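Student: with the sequence up front, the predicted model follows.
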Amino acid sequence: QVQLVESGGGLVQAGGSLRLSCAASGTFLRLNAMGWYRQAPGKQRELVATITSGGSTNYADSVKGRFTISRDNGKNTVYLQMNSLKPEDTAVYYCNAKVRFYDAPLYDYDYGGQGTQVTVSS
């Protein structure tokens, strides 16, 4: 089993910054792509950013230039640095990881965290 635990959410004023962390624990061969998603009240979950094990990144247009995703493979942790936050960034942020196990070395399993609330006040 794999657990993903997010932290770093909170309440911040518009224009402020937050840094989210997501640490993976358990027994696995490696973590491949990791990412952040968010879901605002009454809206569908949307992709925020992803990062491959090699460090290639992808961002939603709405966060480009403001958010930065990074990872520390030694700590099995992915981060999301969020700057210039806007009220429309208010959502529950979830991390996701593609996990490869020793007994299934050719297949990635999807795991997600419980989410952390980010609230941006105007």
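Tutor: Perfect, thanks for sending it. Residues are numbered from 1 along each chain as shown.
Student: just want the most central residue of this structure.
Tutor: By C-alpha atoms, centre = their mean, the chain has its centre lying nearest to Trp36, at 2.7 Å.
Student: I figured that one hits Tyr93, correct?
Tutor: Yes. Using C-beta atoms under 8 Å, Trp36 is in contact with Tyr93, at 5.9 Å. For every residue, glycine as well, the C-beta is placed using N, CA and C.
Student: what is in contact with those two at once?
Tutor: Jointly contacting Trp36 and Tyr93 under the rule C-beta atoms under 8 Å, 6 or more residues apart in numbering are Leu20, Val48, Leu80.
Student: so which of these sit within strands?
Tutor: Among the shared contacts of Trp36 and Tyr93, DSSP state E puts Leu20, Val48, Leu80 in strands.
Student: most neighbours among those, which one is it?
Tutor: Counting neighbours by other C-beta atoms under 10 Å, the top entry in those is Leu80, with 26 neighbours.
Student: so who does that one touch?
Tutor: Contact analysis of Leu80 by C-beta under 8 Å, 6+ apart lists Arg19, Leu20, Trp36, Val48, Ala49, Phe67, Thr68, Ile69, Tyr93.
Student: and Thr57, by the same measure?
Tutor: Per C-beta under 8 Å, 6+ apart, neighbours of Thr57: Ala49, Thr50, Ile51, Ile69.
Student: ok, back up a step: of the shared contacts of Trp36 and Tyr93, just say which sits nearest to Gly113.
Tutor: Closest approach between those and Gly113, by C-beta to C-beta: Leu20, at 10.0 Å.
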